[in-house]
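K.L.:
3D model of this:
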Amino acid sequence: MDEAPPGGLRGFRRLASSKAEMEAEELRKDTGAEGATPIAACAERRRAHVAGTLRTVTLRPRGGAPALEAELYDGSDVVNLVWLGRRRIPGIEPGRRLTAEGLVSLQDGRKVIFNPRYELRGST
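P.N.:
Numbering: from 1, shown residues only. Predicted coordinates for the structure are as follows:
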């Protein structure tokens with residue numbers, strides 16, 4: 001009986017994985033390479049340096065003032081980045097990779113960073 005080649009099971013799992021699972025795995029690898037904290041490990045009331053891909057960008061007023069909100073996904077979890085008083089920021093668009101830093105808070109059970117420092121990376 002022939003033995004499966006080393007890594008054969010891993011290759012099969014990769015083929016059987018969904019596209020979303022493979023993209024999440026790739027994002028987690030990239031996040032680790034950039035020295036960022038996985039979003040799933042970010043704690044409330046702690047500063048965090050995160051990296052990932054913007055999934056959505058929306059303009060949502062907060063208290064009568066404009067606020068640009070972007071959902072950042074790193075393969076482990078999501079965090080909402082909110083820029084208060086902004087209607088648009090060049091380069092902040094769905095599919096864009098970026099790193100962000102700021103104080104993590106919780107709003108309605110979701111992680112949020114208000115007015116984060118950020119650095120745009122290449123698009124996905």
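
K.L.:
for this protein, which residue is closest to the average position?
P.N.:
Note on the chain: the residue nearest the mean C-alpha position is Tyr73, at 2.4 Å, using CA atoms, centre = their mean.

K.L.:
residue ranges of the helices in this structure, please?
P.N.:
8-16, 19-33 (DSSP state H).

K.L.:
what's the least confident stretch among these?
P.N.:
Per-stretch averages of pLDDT across the helices of the chain put helix 8-16 at the bottom, with a mean of 55.

K.L.:
correct me, but the residue nearest to the centre of the chain touches Arg55?
P.N.:
Yes: checked against CB atoms under 8 Å, the pair Tyr73 and Arg55 is within contact range at 5.0 Å. (C-beta placed from N, C-alpha, C; glycine too.)

K.L.:
what pairs with Gln107 across the strands?
P.N.:
Note on Gln107: beta-bridge partners by DSSP bridges are Arg110.

K.L.:
For stretch 56-64, what is the spacing between the initial and final residues?
P.N.:
22 Å (CA to CA, to the nearest Å).

K.L.:
for it, what is the average pLDDT?
P.N.:
92.
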